[in-house]
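*Asks:* The sequence and its predicted three-dimensional model are supplied below.
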Amino acid sequence: MSIARKILPPFVGLVLGALCALLSVAVAGGGHGWNSALPFGLCALLLYPSAFVGAQTPDTRRELNSALLVAAVALDAWLAVRSLQEGLHYVVPVWPFALAWLALWFGWQGLALRSWIRAKK
């Protein structure tokens with residue numbers, strides 16, 4: 001495998017993770033928006049590159065993809081609990097950014113799930 005093929009996927013993951021982190025700051029709305037998403041957006045800085053590494057060669061990355069899926073379930077549950085505790089009415093003022101953030105947030109999870117399924121075949 002060439003160096004570009006080894007470096008490019010984690011780099012793309014890092015860029016998407018940074019975008020997810022940046023959007024989580026936007027949805028926080030200076031403290032007047034959906035603050036629950038902020039720590040999860042920062043987690044995406046690690047989770048997105050990990051998902052791209054797991055997608056490179058899914059047959060040898062089964063453990064990584066399994067760990068990512070366990071993390072996805074746990075983090076999604078934690079996000080739901082935090083959001084309900086905070087109050088969903090905080091999402092309303094920032095809903096366009098919240099939808100974009102959610103799409104990015106679920107992106108690494110979809111990639112990990114796809115890689116895990118491919119590794120099972």
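*Replies:* Done, it's in.

*Asks:* Can you tell me what sits against the host helix or strand of A72?
*Replies:* For A72, the host element (DSSP states H and E) is helix 62-86. Helix 62-86 is contacted by residues 34-37, 40, 43, 47, 50-51, 53-54, 58, 91, 108-109, 112-113, 115-116, 119 when judged by CB atoms under 8 Å, 6 or more residues apart in numbering. Placement of C-beta: from N, CA and C, glycine included.

*Asks:* out of those residues, which are inside helices?
*Replies:* Counting by DSSP state H, the contacts of helix 62-86 place 37, 40, 43, 47, 50-51, 53-54, 108-109, 112-113, 115-116, 119 in helices.

*Asks:* Low-confidence stretches in the protein?
*Replies:* 1, 58-60, 121 (pLDDT under 70).

*Asks:* Report the central residue of the protein.
*Replies:* Nearest to the geometric centre of the chain sits W105, at 3.7 Å (CA atoms, centre = their mean).
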